[in-house]
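Student: here are the coordinates; sequence isn't available:
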């Protein structure tokens, strides 16, 4: 069941990332005024003025790759979790390379690779914490089960 969850999540995240990054025009094209309104609301509510469009886009790239890193990590067995660390920046570089050579209306930038990598690695960290928490819970459940059943067997044997 966990693998089904991981693979389904990964498939959905990959579909979203590919749709967002491989469309012929930038995803924010036509939404500039809406983004400006969102930034205006954020600034009125305490977000510093230096947080403008570039930081908004950078944050969006982090947010886009965070679940991808999470689900990429979950599809690997725990001992191979580290493979997600080089895989996520490599995927980002591949996407930016395709944008550069194949999609003339798109802008391939190193900042996107950096943001994607930060998001992906953040997802890996959250996945590692999730896996550790699940393993700890499973150990506690098994320990309680053993205590109940071993004690019950000893009492019957006495």
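Tutor: Cool, got the structure. Predicted, not measured: the structure shown is a model, and the values here were computed from it.
Student: check which helices and strands the helix or strand of the chain with the lowest mean pLDDT sits against.
Tutor: The least trusted helix or strand in the chain, going by mean pLDDT, DSSP states H and E, turns out to be helix 110-157, with a mean of 88. Packing partners of helix 110-157 (3 or more C-beta pairs under 8 Å, 6 or more residues apart in numbering; DSSP states H and E): helix 53-75, helix 84-102. No exception for glycine: its C-beta is placed from N, CA and C like everyone else's.
Student: quick one: buried residues of the shortest one?
Tutor: Burial within helix 84-102, assessed by neighbour count using 16 or more other C-beta atoms under 10 Å, is assigned to 84-85, 87-89, 91-93, 95-96, 99.
Student: got a markdown table for the residues you listed, with pLDDT and distance to residue 5 too?
Tutor: Supplementary listing: the buried residues of helix 84-102 in a markdown table, determined by pLDDT from 0 to 100; distance: C-beta to C-beta, whole Å:
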| residue | pLDDT | distance to residue 5 |
| --- | --- | --- |
| 84 | 92 | 16 |
| 85 | 94 | 22 |
| 87 | 97 | 19 |
| 88 | 97 | 19 |
| 89 | 98 | 25 |
| 91 | 98 | 21 |
| 92 | 98 | 24 |
| 93 | 98 | 28 |
| 95 | 98 | 25 |
| 96 | 97 | 29 |
| 99 | 97 | 30 |
